[in-house]
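[1] Pasting the sequence and the predicted coordinates here, then a few questions.
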Amino acid sequence: AATPAHLPANRGFDSSLFYFSHKNDMWSYGSLQTGCLDHGDPYDKVGDLWDGASVASATAAAARRNGTYEEDMFRDRAVAVVDAHPSDAPLFLYYASHAAHCQLQVPPALVEEYSAITNGTDEGACVAQSGPDFAPMASGVYPGFDGPYQCRGLYAASVAVADRNLGAITDALKRNDLWKDTLLVFQSDNGGCEQLVQSAATNYPLRGGKASDWEGGHRVAAFVGGGALP
């Protein structure tokens, strides 16, 4: 079971912005899947955004008023940490992106940009976990989105979010003269999920996927980069 000892502050982090549960809605910052509730309990009981050891109520309220996308909130905090850090001091930065994971939620401009790649031939099964009816705090792809659910396009847009945000953090490291000493480790936590309702992926030629014991579930894409490499 999780205890206060598992909080980032008690694991060596000087600062943190995070949520506890498995996944958050990226527009309401409410929990969409958590072990804190019994099955069937209303998820509108749980808003899940924390700044250090405190509930980030003011941060969440201001972000909702401004329509801030949660992944961008985390990106901006990471960039702010880098910008404030002395270039001659060590830094450990952990950015755990939830992009490219169901629920598929992305800003409107990216939905429009990537919907064209399937040209009306896409499938829509991801609505089961990415739609506004999934949980009381669910917002759909974005607030006011009325479809259609073009799931491959939405998944590609989610990957673009991860790419864009990692690029912003990398740019901050370079801008602050930290990149030359940086070892960047990029990895996934599991193989792609095979179910269409969870934005299905293929792990071919490996067998299986997320939540399986086959290699497709745990052999993942990874790379290292940064100026610290020879």
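    All right, it came through fine.

[2] For the rest of this, base every contact and every neighbour count on C-alpha atoms.
    Fine.

[3] ok, the residue nearest in space to the middle of the chain - contacts?
    Central residue of the chain (CA atoms, centre = their mean): residue 98, 1.5 Å from the mean position. Listed by CA atoms under 8 Å, 6 or more residues apart in numbering, the contact set of residue 98 reads 23, 71.

[4] next one: phi and psi at it?
    The phi/psi pair for residue 98 (degrees, to the nearest 10) reads phi -100, psi 0.

[5] Report the separation between it and residue 172.
    According to CA to CA, to the nearest Å, residue 98 and residue 172 sit 20 Å apart.

[6] swap in residue 127?
    As judged by CA to CA, residue 127 and residue 172 stand 36 Å apart.

[7] Quick check on the two: which one has the bigger neighbour count.
    residue 127 (25 against 19; other CA atoms under 10 Å).

[8] Surely residue 170 is within a helix?
    Yes: if the criterion is DSSP: H, G, I helix; E, B strand; the rest coil, then residue 170 is within a helix.

[9] these two touch, right, it and residue 180?
    No: when contacts are counted by CA atoms under 8 Å, residue 170 is not listed as touching residue 180 (11.1 Å).

[10] the more surrounded of those two?
    More crowded of residue 170 and residue 180, by other CA under 10 Å: residue 170, with 18 against 13.

[11] I'd guess residue 201 is in a strand, am I close?
    No: counting by three-state DSSP, residue 201 is not found in a strand; it is coil.

[12] Name the helix or strand for the residue lying closest to it once chain neighbours are set aside, please.
    Distance criterion CA to CA, 6 or more residues apart in numbering; nearest residue to residue 201, sequence neighbours excluded, is residue 192 at 5.0 Å. Assigned by DSSP states H and E, residue 192 belongs to neither a helix nor a strand.

[13] which residues does residue 192 contact?
    So residue 192 contacts 200-203, 209-210, 216-217 (CA under 8 Å, 6+ apart).

[14] first to last residue in stretch 180-195, what's the distance?
    With CA to CA as the measure, stretch 180-195 spans 41 Å from end to end.

[15] and it, which residues are buried?
    181-182, 184, 190-194 (16 or more other CA atoms under 10 Å).

[16] Just the residues contacting stretch 108-127, thanks.
    Counting by CA under 8 Å, 6+ apart, 102-104, 142, 148-154, 156-157, 196-199 sit against stretch 108-127.

[17] out of these, which are inside strands?
    Here DSSP state E is the test, and the contacts of stretch 108-127 give no hits in strands at all.

[18] from those residues, which would you call buried?
    If we count by 16+ other CA under 10 Å, these have these buried: 102-104, 142, 149-154, 156-157, 196-199.

[19] For residue 205, the count of nearby residues, please.
    Around residue 205 there are 8 residues (other CA under 10 Å).

[20] which secondary structure element contains it?
    Residue 205 belongs to no helix or strand, assigned by DSSP H and E.

[21] Tell me which residues touch it, please.
    If a contact means CA under 8 Å, 6+ apart, then residue 205 has no contacts.

[22] quick one, phi/psi of it?
    The phi/psi pair for residue 205 (degrees, to the nearest 10) is phi -90, psi 10.

[23] For it, give its distance to residue 229.
    Counting by CA to CA - residue 205 and residue 229 are separated by 30 Å.

[24] Equivalent analysis for residue 203, please.
    29 Å.

[25] what's the answer for residue 26, then?
    For residue 26, the distance to residue 229 - CA to CA - is 34 Å.

[26] can you check residue 101 too?
    Counting by CA to CA - residue 101 and residue 229 are separated by 30 Å.
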